[in-house]
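*Asks:* Attaching a predicted model along with its sequence, questions to come.
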Amino acid sequence: MGFRYLYRFVLAAFGVVLVQIAPAAVLTPVRGVVHDPHHRPVADASVTLHAADSDFVENEKTNTNGEFSFSAVPLGVYVITVADAGFDTAQQSITVASNTSPVLHFELEVAAVKQSVTVTSNASEANVDSITPTTLIGREDIAHTPGADRTNSMAMITNFVPGAYMTHDMLHMRGGHELSWMIDGVNIPNTNIASNIAPQIDPKDIDYLEVDRGSYRASLGDRTYGVFDVVPRTGFERNRQGEVVFSLGNFYQTNDQLSLGDHSQKFAWYTSLNGNRSNYGLQPPIETPVHNASNGYGGFASLIYNHDSANQMRLVTQLRTDYYQIPYDPDPDDWQNQLYDSSGLRDGEHETDSYAAFTWVHNFNTSTLLQLSPFYHYNDAKYDPNAQDLPTATSSDQTGNYGGVQTSISTLIAKNSLSAGFYAYGQHEQDAFGVVFNDGSNQNFYQPEEVAGGVEEFFAEDSYKPTTWLTLIAGLRQSNFQGALSESATYPRVGAAVLIPKLKWVFRGFYGHFYQPPPLTSISGPALQYANGNNTSFVPLKGERDEEHQFGVQIPWRGWLLDADTFETRANNFLDHSNIGESSIFVPVTVQGALIQGWELTLRSPSLWHVGQAHLAYSNQIAQQIGPITGGLICYPADSPACAVAPGYSALDHDQRNTLNVGMNGNLPSRIYAAFNIYYGSGFSNGYQDPPSPYSGAYLPGHVWADLSVGKEIGENFSVSVETTNIGNRRVLLDNSLTFGGFHYNDPRQIYGEVRYRFHF
């Protein structure tokens, strides 16, 4: 049934392409004007766009009006060089963000007047082209930040992005955990938020990661809380080069990778194999990890072929598998086990994930760009108990197949950047839930489920820039969902960015609505009867509907860039997750409503003392819910006193009022590099305030820890480093919600050494 939707979606998408109605391009146009000191256009000047950290190059010529345009530039940092006979060469560096249309101005000096090259850096200037607060993390940041390049680490996000943190082994951001991953600009769907804990991509395969926090244009999707757009390594940074990464540390951990890459003028390729294992995997329910090993392995490949100046093909694919032992508390007399007894569990989690995304990019002309991206995603999360688990051995196997297409066209007309688009996928979900009652309290059961559905989304938008100091955006996104129930939504999004000329400050504002399609999970038969016996029942899930207001400002000062914003998100049918009885079977649920309010701040420095850059990310927010559970595992029967819900708002289990990360990545003399990060969290909401819990306040204890890495380049091919996370080994209870083995303490101190060896082949 799900593939029937896919066929319809693909046919519709090709129809969209044929009539040239499609979405905003993921790749970004970069335009500019070249003129002489008297502001007369310079025609036929040579313009070169060169990636700052690889051999990716594009060349153009200015027209009779002195204008140039690069229509399809991936996000990242670039240097643009303009040269013409009789003039000095001029350069500008630019940080390209997705869904923007930057316009550069070059004034060429007459060669006899000035002999030096002009270099202007606007990487730290405020961006008037975008209304979306954005954080860009490069591969050097990932390689040097303590713990960030390990396969199972999210430090590349949590260290740099305000309001992003790990709790109950899931990444949360802006008060929610429905987050989108885009790989090479293609949105990879995954609705199993309640069952997946493995990473979407190995950080070592990332060239740039762009993190968008709300205020999304209509082209960017509906995952309100965060969008991660990954530009993978392509091979343009390699010349028949390979790299081996090997690490070894406490908890018998190792995290290793072999990668190869090369490129010619038209073709680039990159591929990698990785493997990892450790005796410490998930956040444990006590300070000393027990039964907590993990391992995983996988492969990744990226291919880019430039057929000609008008056509480019890109392919990204990955296959990986992960295994996690579920930690437990072995002492049945511990206070934690009086609230949730994990002492009898010996469980494990197997996950397999693979995807393939192919993109055809076609330039009709210098201002009109078409993209067509069919994709496929397979995801399986299997929770396996030990057959002797007490009191019950619960199992869950959730397998999703997603096939779809993303297609887009965008064009520049006068001062308008116009786009329209189509995104769709069909999903076939196979789930199975089972319980073995080793205490004899019920009859054993194993219940398979098969569900199909799909999503179709259309959008149209305009980014209008009447002057250099003002950008206005407006768009609509229309969503159709079909599963156990059918839903439709058409929502507007509007925003503005204003540059204050002399101050160079940029103020921005946004108002928009979002519809997030629900997971397809269903429960029936014996599994439903078991749920009913635990005072719950199952109701089909509805999509989450969100309303967001946001206001922000960017302030540049002498190379520093401060970005601050305040936001409010109101959600109906807020998506969360819950467990069946005293089990580790987790299914998604929707809560009647949620309110997330906060303000955020990021600060990025220029190069300090010619050593490195400092960074700061701070968030103050409150994440609350209101009303009963409305979908998934609802309280049953609804009119019973046990199902009564206290009036008003209450804190979500992952609500943390204050979160701060501050650190610095730097290069020292003798080719030594170092990085540190200090993290502070004020404490998550406390779900158990009565004895035997020792914590009686509304929030669990605050916590601070520090991470440090030091490395050295040896010759041209070797580098060695030592990295330590949670240097002081401070342990604290982060969370007492019942997911994956009960309560969750923060990670202990981990120390490991890493060796990188680069070679030619």
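*Replies:* Received, thanks.
*Asks:* Now do the contacts for Q406.
*Replies:* By CB atoms under 8 Å, 6 or more residues apart in numbering, the residues touching Q406 are P23, V186, N187, Q371, L372, S373, F375, G421, F422, Y423. From N, CA and C alone the C-beta is placed, and that goes for glycine too.
*Asks:* what's the answer for L171, then?
*Replies:* Under the criterion of CB under 8 Å, 6+ apart, the contact list for L171 reads M154, I157, T158, A164, Y165, H177, L179.
*Asks:* Can I get the contacts of Q406 in a markdown table including neighbour count?
*Replies:* Compiled in a markdown table, the contacts of Q406 are given as follows (neighbours: other CB atoms under 10 Å):
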| residue | neighbour count |
| --- | --- |
| P23 | 26 |
| V186 | 26 |
| N187 | 25 |
| Q371 | 26 |
| L372 | 20 |
| S373 | 23 |
| F375 | 23 |
| G421 | 26 |
| F422 | 23 |
| Y423 | 28 |
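*Asks:* and of those, the nearest to N532?
*Replies:* N187 (37.0 Å; CB to CB).
*Asks:* Verify the stated contact: that closest one with S180.
*Replies:* Yes - contact between N187 and S180 holds when scored by CB atoms under 8 Å: they sit 5.9 Å apart.
*Asks:* Determine the residues that are contacts of both of those two.
*Replies:* G221.
*Asks:* Distance of the residue nearest to the spatial centre of the chain relative to N255?
*Replies:* Nearest to the mean C-alpha position of the chain, by CA atoms, centre = their mean, lies F228 at 2.8 Å. Using CB to CB, to the nearest Å, we find F228 at a distance of 21 Å from N255.
*Asks:* quick one: average pLDDT of stretch 101-115?
*Replies:* The average pLDDT within stretch 101-115 is 72.
*Asks:* Number the residues from 37 up from this point.
*Replies:* Taking 37 as the first residue, the last one we looked at is stretch 137-151.
*Asks:* Count residues in the vicinity of N101, would you?
*Replies:* For N101, the number of neighbouring residues by other CB atoms under 10 Å comes to 12.
*Asks:* How about it, nearest residue that isn't a chain neighbour?
*Replies:* The spatially closest residue to N101, leaving aside those adjacent along the chain, is P77, at 5.1 Å (CB to CB, 6 or more residues apart in numbering).
*Asks:* Ramachandran angles for that neighbour?
*Replies:* phi -60, psi 140 (degrees, to the nearest 10).
*Asks:* what about it, distance to T100?
*Replies:* Remark: distance between P77 and T100 (CB to CB) = 7 Å.
*Asks:* same thing with P427?
*Replies:* When distances are taken as CB to CB, P427 and T100 turn out to be 81 Å apart.
*Asks:* Over to A600?
*Replies:* Using CB to CB, which is the criterion applied here, A600 is 43 Å from T100.
*Asks:* and if you look at L631?
*Replies:* For L631 relative to T100 (CB to CB), the value is 56 Å.
*Asks:* Of the two, which one has the most company?
*Replies:* Between L631 and T100, counted using other CB under 10 Å, L631 has the larger neighbour count: 17 against 8.
*Asks:* host element of the more buried one?
*Replies:* strand 622-640 (DSSP states H and E).
*Asks:* got the residue ranges for the strands in the stretch 487-636 of the chain?
*Replies:* Using DSSP state E, counting those that start in this stretch, the strands assigned to the stretch 487-636 of the chain run over residues 506-518, 522-536, 541-552, 572-575, 580-593, 596-615, 622-640.
*Asks:* Which among those is found nearest to V83?
*Replies:* Evaluated with CB to CB, those place strand 506-518 nearest to V83, the distance being 23.4 Å.
*Asks:* Now name the helix or strand holding T666.
*Replies:* Secondary structure from DSSP H and E places T666 in strand 648-671.
*Asks:* Can you check what angle separates that strand from strand 580-593?
*Replies:* Here the directions of strand 648-671 and strand 580-593 differ by 170 degrees (axes from the mean of the first three to the mean of the last three CA atoms, to 10 degrees).
*Asks:* Could you point out which of the contacts of Q442 is nearest to T395?
*Replies:* The shortest separation between T395 and any of these is 4.3 Å, and it belongs to S409 (by CB to CB).
*Asks:* Just list the residues touching the closest one, thanks.
*Replies:* With contact taken as CB under 8 Å, 6+ apart, S409 is in contact with G221, V222, A393, F394, T395, W396, V441, Q442, T443.
*Asks:* now, among those, which is nearest to V487?
*Replies:* Closest to V487 out of those is V441 (21.4 Å), distances taken as CB to CB.
*Asks:* can you pull the pLDDT of that closest one?
*Replies:* Confidence for V441, expressed as pLDDT, is 96.
*Asks:* quick revisit: in PyMOL, how would I select the buried members of the contacts of L207?
*Replies:* Selection command for PyMOL covering only the buried members of the contacts of L207, criterion 16 or more other CB atoms under 10 Å:
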select buried, resi 190+193+194+200+201+213+215
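*Asks:* Walking through the stretch 187-336 of the chain, point out its helices one by one.
*Replies:* Counting by DSSP state H, counting those that start in this stretch, one finds helices in the stretch 187-336 of the chain at the ranges 191-194.
*Asks:* just the strands in it please.
*Replies:* The residue ranges that make up the strands of the stretch 187-336 of the chain, judged by DSSP E, counting those that start in this stretch, are 200-203, 206-209, 216-219, 222-224, 242-248, 263-268, 277-285, 290-299, 303-314, 330-344.
*Asks:* Can you check which of the ones you listed gets nearest to A423?
*Replies:* From these, taking CB to CB, the stretch that ends up closest is strand 330-344, at 21.6 Å.
*Asks:* Can you report how many residues lie near E583?
*Replies:* Residue neighbour count, defined by other CB under 10 Å, stands at 15 for E583.
*Asks:* Quick check: beta-bridge partners of the nearest residue to it once chain neighbours are set aside?
*Replies:* Taking CB to CB, 6+ apart as the measure, E583 lies nearest to R606, with 4.7 Å between them; neighbours along the chain are not counted. For R606, the residues forming beta bridges with it (DSSP bridges) are E583, L631.
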